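**Student:** build me a model:
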Amino acid sequence: MRVKRFEWQGAERTAVSARRWAEAEALEEVTGAITKIESDVRMRGDEAVLELTNRFDATVRPLSSLRVDAGEPAAALSSVDPELRQALELAASNIRQVAEAQKNARPQTVQLPQGQAVTIREVSVTSAAVYAPGGRAAYPSTVLMCAIPAQVAGVQRLVLASPPNPQGQVQQTVLAAAELCGIDEIYAMGGAQAIFALAHGTQTVGRVAVVAGPGNNWVQEAKKRAFGFVGIDSYAGPSELMVVAGHDTDPEWAALDLCAQAEHGGDGPLIAVAVEEAVLTALQEATERMAAERPGIGDAPLAVVQVPDLTDAIALANAFVPEHLELLSGDAALLADQVTTAGCVFAGRYSATAFGDYLAGSNHVLPTLGAGRFSGPLGPGVFRRKIATVEVPREAAAKLAPYVDTIAQAEGFPVHGESAMIRAKDV
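**Tutor:** Coordinates of the predicted model:
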C-alpha cells in the first residue's frame with residue numbers, strides 16, 4: 001500500500017492535492033486507446049467485440065458467439081452453494097424494498113394562471129443494460145444492484161454484459177444472480193468494447209437506452225464517450241473510501257474497512273482523516289500492517305490527513321467527494337447531516353462500507369472521481385425519464401401569444417411569434 005501524509009491546507013486545497021496524488025497517471029493509458037476501440041466496434045461490430053474479448057478475457061478457450069446460451073443461468077443458479085443463494089436472495093429483497101421506496105410514478109399537473117396546464121409524468125426507458133465487471137473477481141452483487149432498480153423502474157428489456165473468464169464462460173455466480181433477477185439476454189463481453197456494443201449495437205447485440213454499472217477506468221471512460229448515444233448512470237469507477245476516525249474509533253476496524261475497499265484494485269483512492277495525531281498514527285500503522293498481511297490488497301494509495309477539528313473533516317469530505325464516506329466518531333449521525341457530496345455515508349462504528357456493498361439495501365453503484373458533486377446512487381430514476389404534456393386552451397393562447405411574440409422577436413425568431421399569434425386571432 002502506498003501511503004502519503006498530507007499537511008492541512010484548508011479543505012479544498014488538501015482535497016485537490018490528495019486526489020491528484022492518488023489518481024496520478026490513472027487515465028493516461030486509457031484515453032488514447034478508447035477512441036480506436038469505439039471506432040473498431042462501430043465499424044466491425046461483432047467481429048471487433050469478439051476479437052477484443054478473446055484477446056483480453058477468453059484467452060484459453062476463445063468465444064465464437066457473444067450471446068450466452070439460454071439454459072446457462074438456470075443451471076448456474078441450481079449449482080451455487082445454498083448459503084450463497086440465501087445471501088443473494090436476502091440482498092435482492094433489501095435492494096428491492098429500498099428501490100420501491102424511491103419510485104415516484106404519479107403524474108403531476110400544474111395549472112397556471114393564464115389557463116394552460118403542464119403535466120409532468122415519468123415513463124421507464126425501453127431498454128437498459130447492466131454491466132457487471134469481471135477480471136479480479138465475479139460480482140453477482142452488482143447484477144442485483146443494477147437489475148432490481150431497473151425492474152422497479154419498469155424496464156421491459158434488460159440486458160447483462162459481463163467479461164468471460166479465460167475459459168470463455170461468464171462467472172457462474174454472475175449467471176446465478178441474473179437468473180434470480182430474470183435476465184435472459186446475456187452477453188459474454190467486457191471492457192470498453194462491451195460499452196460501445198451496447199451503445200451503438202452490433203449484428204448480435206441490440207443497442208440499449210441506458211447502460212449502468214461500475215467498472216475500471218476503461219469501462220468508465222467508454223461510458224463517458226458513449227454518453228449521448230446512450231444514457232449512463234454516473235462515473236462509477238474504481239472504488240473510493242474516506243474514513244473519518246474519532247478518539248473512540250477502533251483502528252483495527254477502520255483499517256479493515258480501508259483494506260476491504262483496496263481489494264477492488266489499486267486505482268481507487270483511500271483517505272484516512274482524524275483530529276488527534278495519536279488516532280491517525282494508530283490507524284495508519286494498522287492499515288499498513290493489515291495490508292501487508294493480506295493478499296489481494298495491492299498497491300492502493302492511502303492519503304493520511306490530520307484536520308483541526310471534525311467540522312474541517314466534513315468540509316474535507318465535501319471537497320474530496322468520496323464514493324464512500326465512513327463517519328466512525330461518536331457523533332456520526334449529527335455529522336452525516338452536514339455531508340453534501342459523498343456517494344453514500346456510513347454513520348456509526350458498526351456501519352462498515354461492506355454492508356452497503358452487499359446487503360444493507362442501499363446501492364453500491366455510486367459516483368466516483370468527484371462525480372458525487374452532481375450525481376448520486378444508482379436507483380430507479382436512472383431508468384426513468386420525464387415527459388411533459390402541455391395543454392393550452394383558446395383563452396390561454398390569446399393571453400400568452402403577445403408575450404411569446406415579444407420574446408421571439410427579441411431572439412430573432414419571428415416565425416415563432418407568428419406561430420403563437422395566429423392562434424390568438426382565432427379566439
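**Student:** residue 294 - how many residues pack around it?
**Tutor:** Residues within reach of residue 294, counting by other C-beta atoms under 10 Å, total 13. No exception for glycine: its C-beta is placed from N, CA and C like everyone else's.
**Student:** what residues are up against it?
**Tutor:** residue 259 (C-beta atoms under 8 Å, 6 or more residues apart in numbering).
**Student:** how far away is it from residue 1?
**Tutor:** 10 Å (C-beta to C-beta, to the nearest Å).
**Student:** again with residue 295
**Tutor:** Counting by C-beta to C-beta, the gap from residue 295 to residue 1 is 13 Å.
**Student:** so between those two, which is more surrounded?
**Tutor:** residue 1 (20 against 6).
**Student:** separation between the closest residue to that one other than its chain neighbours and residue 299?
**Tutor:** With C-beta to C-beta, 6 or more residues apart in numbering as the criterion, residue 1 has its nearest non-adjacent residue at 4.1 Å, and that residue is residue 291. Distance of residue 291 to residue 299, given as C-beta to C-beta: 9 Å.
**Student:** please say which of the two ends up with more neighbours.
**Tutor:** residue 291 (22 against 11).
**Student:** what about the more buried one, helix or strand, and which?
**Tutor:** Counting by DSSP states H and E, the element that carries residue 291 is helix 277-293.
**Student:** my guess is residue 347 contacts residue 333. True?
**Tutor:** Yes - Residue 347 lies in contact with residue 333 (C-beta atoms under 8 Å); the separation is 5.4 Å.
**Student:** compare those two (neighbour count), which wins?
**Tutor:** residue 347 (19 against 10).
**Student:** give the buried residues for the least confident helix or strand in the chain by mean pLDDT.
**Tutor:** Ranked by mean pLDDT, DSSP states H and E, the helix or strand of the chain with the weakest confidence is helix 28-44, at a mean of 87. For helix 28-44, the neighbour count (16 or more other C-beta atoms under 10 Å) marks 30, 34, 37, 38, 40, 41, 42 as buried.
**Student:** assign the nearest residue to residue 167 once chain neighbours are set aside to helix, strand or coil.
**Tutor:** Closest residue to residue 167 apart from its sequence neighbours, by C-beta to C-beta, 6+ apart: residue 61 at 4.8 Å. Under DSSP: H, G, I helix; E, B strand; the rest coil, the three-state class of residue 61 is coil.
**Student:** which residues does residue 61 contact?
**Tutor:** Residues in contact with residue 61 (C-beta under 8 Å, 6+ apart) are 166, 167, 168.
**Student:** of the residues you listed, select the buried ones using a ChimeraX command.
**Tutor:** In ChimeraX syntax, the buried subset of these is picked out as below (16+ other C-beta under 10 Å):
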select :168
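**Student:** now go through the contacts of residue 61 and say which are in strands.
**Tutor:** Judged by DSSP state E, strands contain none of the contacts of residue 61.
**Student:** pick the one among the contacts of residue 61 closest to residue 221.
**Tutor:** Taking C-beta to C-beta as the measure, residue 221 sits nearest to residue 166 out of the contacts of residue 61, at 24.4 Å.
**Student:** hmm, residue 62 and that closest one touching each other?
**Tutor:** No - using C-beta under 8 Å, residue 166 is not in contact with residue 62; the gap is 9.8 Å.
**Student:** can you pull out the low-pLDDT segments for this structure?
**Tutor:** 24-29, 135-136, 427 (pLDDT under 70).
**Student:** so which residues of it form strands?
**Tutor:** 2-6, 108-111, 117-124, 127-131, 157-162, 185-188, 210-212, 231-232, 241-245, 270-274, 301-306, 324-327, 344-347, 384-391.
**Student:** what's the closest of these to residue 423?
**Tutor:** So among those, strand 384-391 is nearest, using C-beta to C-beta, at 12.9 Å.
**Student:** for that closest one, name the packing helices and strands.
**Tutor:** Identification of packing neighbours for strand 384-391 by 3 or more C-beta pairs under 8 Å, 6 or more residues apart in numbering; DSSP states H and E yields strand 117-124.
**Student:** which parts of the strand it packs on are buried?
**Tutor:** In strand 117-124, counting by 16+ other C-beta under 10 Å, buried: 122, 124.
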